[in-house]
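Trainee: output the structure for:
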Amino acid sequence: MLPGTYLDLISLEADAASIRTYQPRIVPGLLQTEAYVRAMIEAARVEMSPEEIETVVEVRLARQAVFTRQRPLRLWAVLDEAVLRRMVGGTEVMRDQLRHLVVMAKRQNVTLQVLPFAVGAPAWVHTPFVVLRFPEPADLEVVYLENLTSGLYVEETAEVDRYTLMFDYLRAAALSPKESVALIAEVADALE
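Mentor: Sure, this is the predicted structure:
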């Protein structure tokens with residue numbers, strides 16, 4: 001069974017016009033391959049029946065339909081370089097995942113940037129976050145923060161503005177989208 005906050009996130013993603021996300025540890029869920037999802041489930045060491053595992057995998061992959069709907073979701077993701085180098089599921093799974101990121105970055109509605117190790121520790125932010133923006137100008141932006149057992153939604157304008165500002169700092173410190181895709185491809189090729 002999927003937690004309520006995760007179901008809420010899926011609903012919000014379906015309604016969002018754009019998402020900006022920072023991921024310091026793992027590939028964002030909307031960009032994960034099936035093998036990567038399975039490896040993440042296995043690594044979590046959570047007792048799940050085969051049916052529950054299949055449900056999680058199916059839901060994670062179904063979420064990606066937001067990229068091909070009539071008005072595709074606009075995704076801008078900043079990934080810490082550690083995301084590229086952490087061997088989730090082994091060499092083959094990780095190589096395929098990185099190649100999938102390169103393919104996804106070719107879409108007009110997906111922008112990927114990598115925050116390289118060379119910039120040092122991004123002390124201003126330690127946790128992943130997602131900023132969801134909705135199509136109607138009157139709609140508020142929402143920040144989603146996930147932890148081990150649940151998720152938290154931040155809707156207070158001043159707090160959302162701080163996350164938006166942090167995202168702007170992160171993308172300014174990150175490699176350009178073109179340089180980022182080149183680095184992702186380089187890391188994938190090195191896994192041959």
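
Trainee: and the residue nearest the centre of the chain, how close does it get to T21?
Mentor: Nearest residue to the geometric centre of the chain (C-alpha atoms, centre = their mean): P28, 1.9 Å. When C-beta to C-beta, to the nearest Å is applied, the distance between P28 and T21 equals 5 Å. C-beta: built from backbone N, CA, C; applies to glycine.

Trainee: kindly report the same for F117.
Mentor: 20 Å.

Trainee: looking at the two, which is more packed in?
Mentor: T21 (20 against 11; other C-beta atoms under 10 Å).

Trainee: can you show me the strands along this protein?
Mentor: 18-23, 74-80, 110-115, 129-133, 142-146, 151-154 (DSSP state E).

Trainee: show residues contacting the helix ranked longest in the chain.
Mentor: The longest helix of the chain (DSSP state H) is helix 157-173. Outside helix 157-173, the residues that touch it by C-beta atoms under 8 Å, 6 or more residues apart in numbering are 20, 22, 76, 78, 113, 115, 119, 122, 124-125, 129, 131, 140-143, 154.

Trainee: mind redoing it with 10 Å?
Mentor: 20-22, 24, 76-80, 111, 113, 115-116, 118-120, 122, 124-125, 129-133, 140-145, 154, 156, 177 (C-beta atoms under 10 Å, 6 or more residues apart in numbering).

Trainee: mind checking how far it is from the chain centre?
Mentor: Centre-to-centre, helix 157-173 and its host chain are 16 Å apart (C-alpha atoms, centre = their mean, to the nearest Å).
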